[in-house]
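S.K.: pasted the sequence and its predicted model underneath.
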Amino acid sequence: MNRFARYAVSLLTLAACNEPKQPTAPRPPQADAAPATSSQFTITDIGNLGGTFVQAFRVNEVGQVIGGSTTPSGDLHAFLWTQGTGMIDLVGSSSLAWGINNQGVVVGEIDLPSGHTRAFLWTAAGGLRDLGTLGGDDALAQGVNNKGEVAGFSTLASGGPAHAVIWTAQGQITDLGSFNGTNTHFRTLDDAGTTAAGSDNLGTGRQHAVLWQAASGFQELGTLGGEASAAYRINDRGQVVGFSFPAPGVCCHGFLWTSVTGIVDLGTLNGPGGSSDAFDISNRGQVTGSTTTPADPNNSHAYVWSQIAGMQQLPDLPGELDSGGFGINEAGQIIGFADTPDGRTHGILWTPRTR
């Protein structure tokens, strides 16, 4: 099973929602009924490692981008991209980078010859390092803060549910347990290192978004009315974004959660009837993700959302079929993907023209 397929099965069981996805075959263009955003962005295709599939997940404050790209053989490799160097293969084997901080510390996952998965940390000075596990065979790292602390999960030597973990900057692993005795995964960690977010697997194909705080432990963030939710990113103001079923059997809408408002539906582009997700939020409160529209339910569109302007579609890559935003920095740069009719998935960087 390839990396994206395994991720979709083991971590994100919210079927039919917009997710990081695996390569697809060429398909014909679809009608794009969504209007272009009024915001002005330049669009940069960040290239690839020789293959046809790229998804980019995070962009830090100095414009470094991480994610995964296929090679000519079709294997998926973690990469680091900058405007000056282009795309660099970080690992040289089956892997994926999920997080980067402002110092250029990269974290992610790597496949071992045994078939198990390990969490890795990479720096320019020290190269690649296995972060270790709680005694089990598998671990995954998805978020790293500016203190060098890493959020993820690990399996146990005794088996049973996976536990949420935080690795310290010195590489020590802290077992934070599981919520309700289920598989619990951290995806994001604030800069203070005291608040993390992710999801628990309730064992019936459902997940709920959860928040962990050092002072109070785990808290379930609930749903928008349906049976499942997942949290993806927390900023340093304690705001959490993710997506949830808005009603039983209906997927999905992006949400914004705060301790004051609770879980709030971000809606979709062009009114009700579409679906959406929310993958990242800046400290300024700007959110990015993807959304469909009632007129074009089969294709997603990358968006940026703010409290003042609401949801606005990002400009299209010429000829694209669909797109999505996965990461945003404080300058408003957004990283994500765009699919084209030739079956390629491109890593796309949207940069505000006023930057």
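M.R.: Ah, there it is.

S.K.: please make it C-alpha for all contacts and neighbour counts, starting now.
M.R.: Will do.

S.K.: from memory residue 207 sits against residue 199, does it?
M.R.: Yes: using Cα atoms under 8 Å, residue 207 makes contact with residue 199 at a distance of 6.2 Å.

S.K.: overlap in contacts of the two?
M.R.: Common neighbours of residue 207 and residue 199, counting by Cα atoms under 8 Å, 6 or more residues apart in numbering, are 229, 230.

S.K.: who's more crowded, those two?
M.R.: residue 199 (30 against 27; other Cα atoms under 10 Å).

S.K.: who's in contact with the more buried one?
M.R.: 184, 185, 186, 207, 208, 209, 210, 229, 230, 231.

S.K.: lowest-confidence member of those, which is it?
M.R.: Lowest-confidence member of those: residue 207, scoring 89 (pLDDT).

S.K.: the closest residue to it other than its chain neighbours and residue 153, how far apart?
M.R.: Nearest in space to residue 207, with sequence neighbours left out and distances taken as Cα to Cα, 6 or more residues apart in numbering, is residue 201 at 4.5 Å. Residue 201 is 13 Å from residue 153, where distance means Cα to Cα, to the nearest Å.

S.K.: give me the more crowded residue out of those two.
M.R.: Neighbour tally, residue 201 and residue 153, criterion other Cα under 10 Å: the higher count belongs to residue 153, 31 against 26.

S.K.: what about the contacts of residue 199, which are in strands?
M.R.: Among these, the ones falling in strands (DSSP state E) are 184, 185, 186, 207, 208, 209, 210, 229, 230, 231.

S.K.: out of those, which one sits closest to residue 101?
M.R.: Ranked by distance to residue 101 (Cα to Cα), these are led by residue 186 at 16.2 Å.

S.K.: any idea of the mean pLDDT for the helix or strand hosting residue 80?
M.R.: According to DSSP states H and E, residue 80 maps onto strand 76-82. The average of the pLDDT scores along strand 76-82 is 98.

S.K.: just stretch 214-228 next, same as before
M.R.: On average, stretch 214-228 scores 95.

S.K.: buried stuff in that stretch?
M.R.: Within stretch 214-228, the residues that count as buried by 16 or more other Cα atoms under 10 Å are 218, 220, 221, 222, 223, 224, 226, 227, 228.

S.K.: OK, contacts around the fourth one?
M.R.: Put plainly, it is residue 222. Residue 222 neighbours (Cα under 8 Å, 6+ apart): 208, 209, 210, 229, 263.

S.K.: show me what residue 120 is bridged to.
M.R.: residue 108, residue 130 (DSSP bridges).

S.K.: roughly how far apart are it and residue 68?
M.R.: In terms of Cα to Cα, residue 120 sits 14 Å off from residue 68.
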